[in-house]
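Colleague: One predicted model, sequence on top.
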Amino acid sequence: MPSTGCRAFRTSHLPASQSRSNPLPLGHSAAPALQYDLRRMMVFLDALTLNKPEIFIGGCTPKFDDKTGELKDDATRNFIKQQLEAFEKFIARHGSKA
């Protein structure tokens, strides 16, 4: 059979992390449900998903600089930093077993 030129993206046992932001307040958007749907997909694909800390950033528009797009909200920056530190430890602990 001829090659189609497509390659499957291998996620099996790859460490993964996710976060979501939305301009609407958390209680007024579908962002959390979408993030949980993505997590279910990653489970199906056998990815190793970091579960905590979870990041849902609601009302994100004023937290970013209009001109540069840089995140200017210190509390949000610190929370993202905590997730990145946890993800670094998660990768060191689990690595890629693919």
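Modeller: Everything's here; your move.

Colleague: What strands line up against the helix or strand bottoming out on mean pLDDT in the chain, and which way round?
Modeller: Confidence across the helices and strands of the chain bottoms out at strand 19-22, with a mean of 74, counting by mean pLDDT, DSSP states H and E. Strand 19-22 pairs in its sheet with strand 55-58 (parallel), by DSSP bridges.

Colleague: ok, Asp46 to Glu88 distance?
Modeller: Per Cβ to Cβ, to the nearest Å, Asp46 is found 21 Å from Glu88. For glycine as for every other residue, the C-beta is placed from the backbone atoms N, C-alpha and C.

Colleague: And the contacts of stretch 34-50?
Modeller: If you take Cβ atoms under 8 Å, 6 or more residues apart in numbering as the criterion, stretch 34-50 is touched by 11-18, 20, 51, 54, 56, 83, 86-87, 90, 94, 97.

Colleague: quick one, helices of the protein?
Modeller: 31-44, 74-94 (DSSP state H).

Colleague: Identify the residues contacting the spatially most central residue of the chain.
Modeller: Taking Cα atoms, centre = their mean, the centroid of the chain lies closest to Gln18, which sits 1.2 Å from it. Counting by Cβ under 8 Å, 6+ apart, Gln18 touches Gln35, Leu38, Arg39, Met42, Thr49, Ile55.
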